[in-house]
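[1] turn this into a structure:
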Amino acid sequence: MKHLFIVLLACLCASQSGLLAQTAQTLSPDFPFSVPLTSPDGTVVSSADVLGPADGRPTVIAFWLTTCQPCHYELAAYAKEYAARQAEKPFRLVAISIDFPEKAAQFQEHARTKNYPFPVYWDATRAFKELIPGRLNGLPQVFVYDAAGQLIWQHKGYLPGAEKELWAILQATGN
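    I've put the predicted structure just below:
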């Protein structure tokens, strides 16, 4: 059983390495980027499709790790108020894990058990670390883009109640 796990992990790492090499040739430094994202069910989609035209809504990207407790608190706070905040002013929120390949199973399990009301993806290539302002130095980090794809706000770290600042930023955006 242990050998099977090692073989599977090696295959996953090899496939992710190939994906990273392929991705390096097609990355776009501009929103909505072109980073391959993996959904909890293993489907790979482009961030350009996930973050693409927002129909006049601002887009929130929340970067997190399965091993980051403040990240879990932040996503839980967003989930708790998500429906009410959507009713006030529509926006798009996408949570993107930048876990290392060996944490793929933890990402899938976390996404499955938490059942967030917003989409959750995994940046298996960790490409966003190269594209996003500040290179995701410290997590959680949140970025808000307006409907035109311009970065209008970013925040690093999480303390209880910090989501109120995000809600205020979203209320202030035009659409």
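[2] residue 158 and residue 90, how far apart?
    24 Å (CB to CB, to the nearest Å). Yep, even glycine has a C-beta here, placed from its N, CA and C like the rest.
[3] try residue 48
    21 Å.
[4] what's downstream of the lowest-mean-pLDDT helix or strand in the chain, the next helix or strand?
    Lowest mean confidence among the helices and strands of the chain (mean pLDDT, DSSP states H and E): helix 2-26, at a mean of 41. As assigned by DSSP states H and E, the chain's next helix or strand after helix 2-26 is strand 36-38.
[5] elements contacting that following strand?
    Judged by 3 or more CB pairs under 8 Å, 6 or more residues apart in numbering; DSSP states H and E, strand 36-38 is in contact with strand 44-46, helix 47-51, strand 120-122.
[6] circling back: higher neighbour count, residue 48 and residue 90?
    Remark: of residue 48 and residue 90, residue 48 carries more neighbours, 17 against 14, as counted by other CB atoms under 10 Å.
[7] pretty sure the more buried one sits against residue 30.
    No - look at residue 48 against residue 30 with CB atoms under 8 Å: they stay out of range, at 9.9 Å.
[8] could you find the closest non-adjacent residue to residue 42?
    residue 108 (7.8 Å; CB to CB, 6 or more residues apart in numbering).
[9] surely the one you found meets residue 39?
    No - applying CB under 8 Å, one finds residue 108 not in contact with residue 39, separated by 9.2 Å.
[10] between the two, tell me which one has more neighbours.
    residue 108 (19 against 15).
[11] is it fair to say the more buried one lies in a helix?
    Yes - counting by DSSP: H, G, I helix; E, B strand; the rest coil, residue 108 falls inside a helix.
[12] so it versus residue 126, what's the distance?
    Residue 108 sits 17 Å away from residue 126, going by CB to CB.
[13] swap in residue 149?
    From residue 149 across to residue 126, the span is 22 Å (CB to CB).
[14] out of those two, which sits in the busier spot?
    Neighbour count, other CB under 10 Å: between residue 149 and residue 126, residue 126 has more, with 18 against 14.
[15] so what's the more buried one closest to, chain neighbours aside?
    residue 98 (5.4 Å).
[16] residue 171: which of the helices and strands packed on strand 36-38 is closest?
    Set against residue 171 and scored by CB to CB, the helices and strands packed on strand 36-38 come closest in helix 47-51, at 21.0 Å.
[17] got the buried residues for that closest one?
    Buried residues in helix 47-51, counted by 16 or more other CB atoms under 10 Å: 47, 48, 50, 51.
[18] can you tell me the element the residue nearest to residue 136 when sequence neighbours are not counted falls in?
    Nearest residue to residue 136, sequence neighbours excluded (CB to CB, 6+ apart): residue 129, at 4.9 Å. Counting by DSSP H and E, the element that carries residue 129 is helix 128-131.
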